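> Could you work out the structure for the sequence below:
(chains A and B)
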Amino acid sequence: GDSVTQMEGPVTLSEEAFLTINCTYTATGYPSLFWYVQYPGEGLQLLLKATKADDKGSNKGFEATYRKETTSFHLEKGSVQVSDSAVYFCALSDIFNNNDMRFGAGTRLTVKP
Amino acid sequence: GAVVSQHPSWVICKSGTSVKIECRSLDFQATTMFWYRQFPKQSLMLMATSNEGSKATYEQGVEKDKFLINHASLTLSTLTVTSAHPEDSSFYICSARTGTGLEKLFFGSGTQLSVL
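Model (predicted):
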């Protein structure tokens, strides 16, 4: 069945460092791909999405490109801030799987000043 | 934006007791709500989908008699873990959908359940 594998954390970076959180997926159809972020004490929030191959999702300085050839959707940010400290979840949704959302295990990011 | 409130945020209970978790959509009506569970270092796994006024649809391997879901109104769904055991200790999270679009999915902040 469909699944998502993402980089195991935790990840600790200094402010202004470059961030990459790897995410790869397995799907039978043509899924939409998502990154969600969960700040402390809050619910998961949609960060960005991409619905087809080569699409790039972007928001708040974060980017991820839907790579069908490598089945990947890695999250990147050029310069992280302390306020980016959160848990990041990669997810997919596939119409061949009733549009159910499949999540990765989450990656905890801590950014130190 | 749409807000989903989930309570309690954490609960500790004795083995054999039942625990109820509430999920409320505060500023919108949610025809569909979802319940997920996450064990340490594992993926967030869908447990069940609940639609207002009808029985929940459970994922394979999830015991419906153990995890009772009630979606009595368009703004409230509850998950009751009956006769909880230590292996039920997990992080439970709900989400609510406002429409048919994939981006119209909003999440609660989760409940950490510890069964002693």
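
> Which strand or helix spans the most centrally placed residue in chain B?
Computing the C-alpha centroid of chain B and ranking residues by CA atoms, centre = their mean puts residue B:35 first, at 3.5 Å. Counting by DSSP states H and E, the element that carries residue B:35 is strand B:32-38.

> From the contact counts, what lies against that strand?
strand B:19-25, strand B:45-51, strand B:67-73, strand B:76-81, strand B:90-97 (3 or more CB pairs under 8 Å, 6 or more residues apart in numbering or on different chains; DSSP states H and E). Bear in mind the C-beta positions are built from the backbone N, C-alpha and C, glycine included.

> picking that back up, not counting residues beside it along the chain, what's closest to the residue nearest to the centre of chain B?
residue B:47 (4.6 Å; CB to CB, 6 or more residues apart in numbering or on different chains).

> ok, how many other residues are close to the one you found?
By the criterion of other CB atoms under 10 Å in any protein chain shown, residue B:47 has 24 neighbours.

> Show me what the lowest-mean-pLDDT helix or strand in chain B is packed against.
Least confident helix or strand of chain B, by mean pLDDT, DSSP states H and E, is strand B:105-107 with a mean of 86. Applying 3+ CB pairs under 8 Å, 6+ apart, one finds that strand B:105-107 contacts strand B:90-97.

> now the strand it packs on, how far from the centre of its chain.
What separates the centre of strand B:90-97 from the centre of its chain is 4 Å, taken as CA atoms, centre = their mean, to the nearest Å.

> quick one: average pLDDT of it?
The average pLDDT within strand B:90-97 is 92.

> now the angle from it to strand B:45-51?
Counting by axes from the mean of the first three to the mean of the last three CA atoms, to 10 degrees, strand B:90-97 lies at 40 degrees to strand B:45-51.

> buried set for stretch A:11-26?
A:11, A:13, A:19, A:21, A:22, A:23, A:24, A:25 (16 or more other CB atoms under 10 Å in any protein chain shown).
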